[in-house]
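K.L.:
need a 3D model of the following:
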Amino acid sequence: MNTDPIADYLTRIRNASSAGKRVVEIPGSNVKRAMTQILFDQGYILDYKFEDDNKQGIIKIALKYNPSTKVPAITKIQRVSTPGLRQYTGAKDMPRVINGLGIAIVSTSRGVITDKQARKENVGGEVLAYVH
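P.N.:
I've put the predicted structure just below:
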(Lines give C-alpha, C1' and ligand atoms only; values in the text may rest on other atoms or scores of the structure.)
Protein backbone atom coordinates (compact mmCIF):
# COMPACT_ATOMS: atom_id res chain seq x y z
CA MET A 1 0.00 0.00 0.00
CA ASN A 2 1.32 3.37 -1.01
CA THR A 3 1.20 5.90 1.83
CA ASP A 4 1.38 8.99 -0.40
CA PRO A 5 -0.44 8.50 -3.71
CA ILE A 6 0.11 12.10 -4.86
CA ALA A 7 3.88 11.77 -4.43
CA ASP A 8 3.68 8.49 -6.38
CA TYR A 9 1.75 10.30 -9.17
CA LEU A 10 4.33 13.09 -9.38
CA THR A 11 7.25 10.64 -9.25
CA ARG A 12 5.84 8.54 -12.09
CA ILE A 13 5.47 11.65 -14.27
CA ARG A 14 8.97 12.89 -13.31
CA ASN A 15 10.62 9.53 -14.02
CA ALA A 16 8.80 8.93 -17.32
CA SER A 17 9.64 12.46 -18.46
CA SER A 18 13.33 12.12 -17.63
CA ALA A 19 13.45 8.70 -19.34
CA GLY A 20 11.89 10.15 -22.50
CA LYS A 21 8.73 8.03 -22.39
CA ARG A 22 5.77 9.13 -24.50
CA VAL A 23 3.00 7.69 -22.29
CA VAL A 24 2.80 7.00 -18.56
CA GLU A 25 0.09 4.95 -16.81
CA ILE A 26 -0.95 5.92 -13.29
CA PRO A 27 -3.58 4.43 -10.95
CA GLY A 28 -6.51 6.82 -10.81
CA SER A 29 -8.26 8.83 -8.11
CA ASN A 30 -10.36 11.98 -8.08
CA VAL A 31 -7.48 14.21 -6.96
CA LYS A 32 -5.16 12.75 -9.62
CA ARG A 33 -7.83 13.31 -12.27
CA ALA A 34 -8.13 16.96 -11.24
CA MET A 35 -4.34 17.39 -11.23
CA THR A 36 -4.11 15.78 -14.68
CA GLN A 37 -6.79 18.15 -15.99
CA ILE A 38 -4.82 21.12 -14.61
CA LEU A 39 -1.58 19.90 -16.24
CA PHE A 40 -3.44 19.55 -19.56
CA ASP A 41 -5.12 22.97 -19.30
CA GLN A 42 -1.80 24.66 -18.50
CA GLY A 43 -0.04 22.97 -21.46
CA TYR A 44 2.33 20.68 -19.56
CA ILE A 45 1.00 17.44 -21.12
CA LEU A 46 -0.24 16.62 -24.63
CA ASP A 47 -3.29 14.52 -23.79
CA TYR A 48 -4.75 12.17 -21.20
CA LYS A 49 -7.30 9.39 -21.04
CA PHE A 50 -9.19 7.88 -18.11
CA GLU A 51 -9.78 4.15 -18.35
CA ASP A 52 -12.13 2.52 -15.87
CA ASP A 53 -11.44 -0.99 -14.66
CA ASN A 54 -13.18 -2.78 -11.80
CA LYS A 55 -11.18 -0.87 -9.17
CA GLN A 56 -9.99 2.73 -9.23
CA GLY A 57 -9.22 3.13 -12.92
CA ILE A 58 -6.09 4.09 -14.81
CA ILE A 59 -4.96 7.48 -16.08
CA LYS A 60 -2.88 7.39 -19.29
CA ILE A 61 -0.92 10.60 -19.80
CA ALA A 62 0.84 11.54 -23.05
CA LEU A 63 3.86 13.61 -22.06
CA LYS A 64 4.85 16.74 -23.98
CA TYR A 65 8.32 17.44 -25.37
CA ASN A 66 9.87 20.20 -27.47
CA PRO A 67 9.85 18.81 -31.04
CA SER A 68 13.32 20.09 -31.96
CA THR A 69 15.30 19.74 -28.73
CA LYS A 70 13.33 16.87 -27.11
CA VAL A 71 13.34 18.74 -23.78
CA PRO A 72 10.33 17.82 -21.59
CA ALA A 73 7.66 20.48 -21.02
CA ILE A 74 7.76 19.64 -17.29
CA THR A 75 11.26 20.60 -16.19
CA LYS A 76 10.49 20.24 -12.48
CA ILE A 77 7.54 18.77 -10.60
CA GLN A 78 7.80 18.83 -6.82
CA ARG A 79 5.61 17.72 -3.91
CA VAL A 80 5.09 20.47 -1.34
CA SER A 81 2.62 19.23 1.28
CA THR A 82 3.32 15.74 2.59
CA PRO A 83 1.27 13.49 4.90
CA GLY A 84 3.77 14.19 7.69
CA LEU A 85 3.90 17.95 7.17
CA ARG A 86 0.89 19.61 5.60
CA GLN A 87 1.47 23.01 3.99
CA TYR A 88 -1.56 25.31 4.07
CA THR A 89 -1.70 28.85 2.80
CA GLY A 90 -4.21 31.66 2.68
CA ALA A 91 -5.29 33.50 -0.44
CA LYS A 92 -3.05 36.48 0.33
CA ASP A 93 0.04 34.30 0.94
CA MET A 94 -0.43 32.05 -2.12
CA PRO A 95 3.01 31.05 -3.50
CA ARG A 96 4.20 32.21 -6.92
CA VAL A 97 6.31 29.61 -8.72
CA ILE A 98 9.21 31.17 -10.65
CA ASN A 99 7.54 34.57 -10.36
CA GLY A 100 4.41 33.36 -12.16
CA LEU A 101 6.03 31.25 -14.89
CA GLY A 102 5.20 27.98 -13.13
CA ILE A 103 2.09 26.84 -11.30
CA ALA A 104 1.24 25.67 -7.81
CA ILE A 105 -1.51 23.07 -7.55
CA VAL A 106 -3.71 23.81 -4.54
CA SER A 107 -6.47 21.74 -2.93
CA THR A 108 -9.17 24.14 -1.77
CA SER A 109 -12.77 24.01 -0.64
CA ARG A 110 -13.69 24.66 -4.29
CA GLY A 111 -11.67 21.71 -5.59
CA VAL A 112 -8.15 21.25 -6.89
CA ILE A 113 -7.12 24.45 -8.70
CA THR A 114 -4.02 26.46 -9.63
CA ASP A 115 -2.53 29.21 -7.51
CA LYS A 116 -3.73 31.84 -10.01
CA GLN A 117 -7.32 30.62 -9.77
CA ALA A 118 -7.09 30.52 -5.96
CA ARG A 119 -5.91 34.13 -5.87
CA LYS A 120 -8.69 35.14 -8.27
CA GLU A 121 -11.39 33.35 -6.21
CA ASN A 122 -9.78 34.53 -2.93
CA VAL A 123 -9.51 31.06 -1.37
CA GLY A 124 -6.67 29.33 0.42
CA GLY A 125 -5.88 25.67 0.88
CA GLU A 126 -3.28 22.94 0.92
CA VAL A 127 -0.43 23.42 -1.56
CA LEU A 128 0.01 20.00 -3.21
CA ALA A 129 2.75 20.58 -5.80
CA TYR A 130 4.85 23.01 -7.80
CA VAL A 131 5.19 22.52 -11.56
CA HIS A 132 7.45 24.36 -14.01
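
K.L.:
the residue positioned nearest the centre of the chain sits in which helix or strand?
P.N.:
What sits nearest the mean C-alpha location of the chain, by Cα atoms, centre = their mean, is M35, with 4.4 Å. If you go by DSSP states H and E, M35 is part of helix 30-41.

K.L.:
what does that helix contact?
P.N.:
Residues outside helix 30-41 that contact it (Cβ atoms under 8 Å, 6 or more residues apart in numbering) are 5-6, 9, 26, 45, 47-48, 50, 59, 61, 74, 103, 105, 107, 111-114, 128-129, 131. The way it works is simple: take the backbone N, C-alpha and C, and place the C-beta from them, glycine included.

K.L.:
equivalent analysis for stretch 7-14, please.
P.N.:
Contacts to stretch 7-14, defined as Cβ under 8 Å, 6+ apart, come from residues 2, 24, 26, 32, 35, 61, 63, 74, 77-79, 82, 129.

K.L.:
quick check: buried residues in it?
P.N.:
Neighbour counts using 16 or more other Cβ atoms under 10 Å place 7, 9-10, 12-14 of stretch 7-14 among the buried residues.
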